[in-house]
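*Asks:* Provided below are the primary sequence and the corresponding predicted coordinates.
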Amino acid sequence: MSVASRISVTERSGLVSRPAAARKRKLTGWAYAAPTALFVLIFFVTPILLVGRMSVSDWGLFAGNRGLNAPENFTDVAEYRLFWPAVWFTVKYTLVTTVILLGLALLLALIVQESSRWTGFLRTSFLVPSALGLASASLLFYALYSPQSSPFGFLGVSFLGTPTAALWSTVALIVWRFAGFYMLLLLVGLQGISADVYEAARLDGAGRWQTFRYVTLPLLRSSIALCTILCVTGSMLAFDQFYLLTKGGPDNSTLTIVQLIYNFAFFGGNDLGRAAALSIMLLAALLIANVLQFRGLRGKEG
Amino acid sequence: MIRTPQKVLTGGLALLFLFPLLWASVASVSPQAGSAQIDGWGLGNYRTLANYQAGIGQYLLNSTAVSLMTVAFTLFVSLLGGYAFAQFRFPGRDLLFLVTLAILMVPYATLLIPLYVLLNQLGLQDSLLGLALVLTMFQLPFATFMMRISFESVPKDLSESAQVDGCGTLRTLLYVLVPAVKPGLITVGLFAFLAAWNDFITPLVLISDSAKMPLPLAVANMRQQVMGIVDYGATEAGVVVLALPCVVLFLALQRHYVRGFMSGALKG
């Protein structure tokens, strides 16, 4: 059937002149891509250009555009007293979260690697939290950590009361919410490793640890790279969890960059220009971080 | 395969992951000081939630409307877009695809600041439609990528023989290809629904009218209602209402959820 159909397609297209048919096909392609193009143009490209413009303008939340003022927004943001603490906290949070989350996710992936009914139950248990929204999960942990309703009340610990406790309590929430998700990504990588490689390692007399260190880890590199990039990106943009759990407290100790952007724009600052300037700095930092990670991860492979 | 001590250990780990969900469900109906469920078990906290401001019915309706619109827009745009990117060659194709993927690289916060201004100019401020359009844009990288892969994995013969039978490209798409890419559509729809239902920062920035807030925002605001005093019981009830549809949907479509990642990650 397929041979016959191919012949007849050729015959049919012979009826129409070639350039006309090709042009029609191009137009048809564009027509199907048009909704995507419209969305991308209106809701992505335009805002990007607009945020650039806003970052060099005196732009109030209620007052609107009051003219250019470059580079005032950028210098004001950099001199703001909470700017460097927020940058430092975001970096610290990103490092802590990435290391713990990826370590645990790898452990979980190794545990549920073989599939049976029992591992099916385990996989589902680890994955269920990732169905929840980050905001829902944050509200859940907010109640879980509160002195009034916490089931851990008997411990007498203040989960969000000190800067250190607030950081680790938030990391615990994030690990709970995302470990299963990264486990799944790593599991995909683990299942891409063929049984032959393990067989060969076994024949060479490699033990469990050696197999993991010299076979599994190197072959899992691209999956780990993907997880690292996702995790670093997500952590650099942390907002929901801190907005809902700590509001940046205690004492502005858990203020992240995105929360600072939100505060500049909507929470007291009412200054969209400064918020735009900080947004652009964040975008630049994110791009640099990603380029560095790509380089680093590729460099190791070569 | 797995020995008993290991089973106990891993089982304990699984319970640790399930614990917060189980705790919230139980705590939302158990007696608790400072909540509407002071003594005995019951649905007092859910009643508080139901009567909060515009009423939980309104917030559920808002969330449902936004989620369904987002799913519909995302499916529509990515179905046509995926078809175009996979099966047609046209000038600017690769550039458009790259720009669509680039949405992933730009933080929500960076886009939401100008979108707040832009939606005002478009007359879409404070509207659920505007919110759904923005949420759709955030879904496009994953959805377009997923649908392109889905269309590329359909054998070329299928669409060619449909065209021989006299189908135009649109009829080929609707009657021949849509059934073939259905798993992709389910994955894209599920992700769009979960993302729209759960999103917090987008409505936080774009919606200020309290009658138009989606549920996560309403529950978060309810918590901050009274200075210093938080009704944890009602918060727990809110979390249950928020989480329940997601967990049910996840358990029902788990296979698609997992497969979506498998194909995405393997081919990506």
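*Replies:* That came through fine. Residues are numbered from 1 along each chain as shown, chains lettered A, B, ... in the order given.
*Asks:* Pull the residues that contact stretch A:222-238.
*Replies:* Applying C-beta atoms under 8 Å, 6 or more residues apart in numbering or on different chains, the contact partners of stretch A:222-238 are A:90, A:93-94, A:97-98, A:101-102, A:105-106, A:174, A:178, A:182, A:185-186, A:188-190, A:192, A:217, A:256-258, A:282, A:285-286, A:289-290, A:293-294, A:297, B:107-109, B:265. All C-beta atoms are positioned from the backbone trio N, CA, C, and that covers glycine.
*Asks:* which residues in chain B form strands?
*Replies:* Remark: no strands are assigned in chain B by DSSP state E.
*Asks:* Just the buried positions in the lengthiest helix in it, please.
*Replies:* The helix spanning the most residues in chain B, taking DSSP state H as the definition, is helix B:56-87. Using 16 or more other C-beta atoms under 10 Å in any protein chain shown as the test for burial, helix B:56-87 gives B:56, B:58-60, B:62-67, B:69-71, B:73-75, B:77-87.
*Asks:* residue contacts, the closest residue to residue B:237 other than its chain neighbours?
*Replies:* Leaving aside its chain neighbours, residue B:237 sits nearest to residue B:45 (4.0 Å; criterion: C-beta to C-beta, 6 or more residues apart in numbering or on different chains). Residues in contact with residue B:45 (C-beta under 8 Å, 6+ apart) are B:28, B:29, B:35, B:36, B:37, B:231, B:233, B:234, B:236, B:237.
*Asks:* Next one: residue B:45 relative to residue A:196, how far apart?
*Replies:* 57 Å (C-beta to C-beta, to the nearest Å).
*Asks:* now residue A:61
*Replies:* According to C-beta to C-beta, residue A:61 stands 62 Å off from residue A:196.
*Asks:* Which helix or strand contains residue A:173?
*Replies:* helix A:163-191 (DSSP states H and E).
*Asks:* and that helix, how far from the chain's centre?
*Replies:* 12 Å (C-alpha atoms, centre = their mean, to the nearest Å).
*Asks:* Now the stretch 101-250 of chain A against chain B: closest residue?
*Replies:* residue A:133 (2.4 Å; C-beta to the nearest C-beta).
*Asks:* quick one, phi/psi of that residue?
*Replies:* Residue A:133 adopts backbone torsions of phi -70, psi 150, taken as degrees, to the nearest 10.
*Asks:* pLDDT weak spots in chain B?
*Replies:* Low-confidence segments of chain B, defined by pLDDT under 70: B:1-2, B:224-228, B:260-268.
*Asks:* returning to what we had before: how about the residue of the stretch 101-250 of chain A closest to chain B: what's its closest non-neighbour residue?
*Replies:* Leaving aside its sequence neighbours, residue A:133 sits nearest to residue B:198 (C-beta to C-beta, 6+ apart; 2.4 Å).
*Asks:* Now do the contacts for residue 127.
*Replies:* Using chain A. Residue A:127 makes contact with A:180, A:181, A:183, A:184, B:250, B:254, B:257, according to C-beta under 8 Å, 6+ apart.
*Asks:* my bad, chain B
*Replies:* Residue B:127 touches B:119, B:212, counting by C-beta under 8 Å, 6+ apart.
*Asks:* how near is it to residue A:22?
*Replies:* 43 Å.
*Asks:* Distance of whatever residue of the stretch 151-268 of chain B ends up closest to chain A relative to residue B:179?
*Replies:* Closest residue of the stretch 151-268 of chain B to chain A, C-beta to the nearest C-beta: residue B:198 (2.4 Å). Distance, residue B:198 to residue B:179, using C-beta to C-beta: 30 Å.
*Asks:* Where do the helices of the stretch 151-300 of chain A begin and end?
*Replies:* Here the stretch 151-300 of chain A has its helices, by DSSP state H, counting those that start in this stretch, at A:163-191, A:195-203, A:208-211, A:217-219, A:221-236, A:240-245, A:257-265, A:272-301.
*Asks:* Am I right that residue A:65 falls within a helix?
*Replies:* No: counting by DSSP: H, G, I helix; E, B strand; the rest coil, residue A:65 is not part of a helix but strand.
*Asks:* how close does it sit to residue A:273?
*Replies:* Taking C-beta to C-beta, one finds residue A:65 at 9 Å from residue A:273.
*Asks:* More neighbours: these two, which one.
*Replies:* Each of residue A:65 and residue A:273 has its neighbours counted (other C-beta atoms under 10 Å in any protein chain shown); residue A:273 has more, 30 against 14.
*Asks:* Just give the closest residue to the more buried one, not the sequence neighbours.
*Replies:* That would be residue A:59: by C-beta to C-beta, 6+ apart, it lies 4.0 Å from residue A:273.
*Asks:* Could I get the contacting residues of residue A:171?
*Replies:* A:93, A:96, A:97, A:100.
*Asks:* And for residue B:32?
*Replies:* A:148, A:149, B:38, B:232, B:233.
*Asks:* Can you give me the neighbour number for residue A:250?
*Replies:* 15.
*Asks:* wait, residue A:48 sits on residue B:107?
*Replies:* No: counting by C-beta atoms under 8 Å, residue A:48 sits too far from residue B:107 to count as a contact (11.4 Å).
*Asks:* Output the below-cut-off pLDDT ranges for chain A.
*Replies:* Short version for chain A, where the test is pLDDT under 70: A:1-17, A:299-302.
*Asks:* Is the residue nearest to residue A:273 in a helix, a strand, or coil?
*Replies:* Residue A:59 ends up strand, using three-state DSSP.
*Asks:* Specify the beta-bridge partners of it.
*Replies:* Per DSSP bridges, the residues bridged to residue A:59 are residue A:65.
*Asks:* Helices of the stretch 101-250 of chain B, residue ranges please.
*Replies:* With DSSP H, counting those that start in this stretch as the criterion, the stretch 101-250 of chain B has helices at B:108-121, B:128-152, B:156-164, B:169-171, B:178-180, B:182-198, B:201-206, B:215-223, B:232-252.
*Asks:* Pipe those helices into CSV and attach mean neighbour count and distance to residue B:4 per row.
*Replies:* Listed next are the helices of the stretch 101-250 of chain B as CSV, based on neighbours: other C-beta atoms under 10 Å in any protein chain shown; distance: least, C-beta to C-beta, whole Å:
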stretch, mean neighbour count, distance to residue B:4
helix B:108-121, 22, 46
helix B:128-152, 23, 41
helix B:156-164, 16, 51
helix B:169-171, 16, 60
helix B:178-180, 13, 46
helix B:182-198, 22, 37
helix B:201-206, 22, 46
helix B:215-223, 23, 42
helix B:232-252, 22, 28
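*Asks:* coming back round to it: residues in contact with the residue nearest to residue A:273?
*Replies:* Per C-beta under 8 Å, 6+ apart, neighbours of residue A:59: A:65, A:66, A:271, A:272, A:273, A:276.
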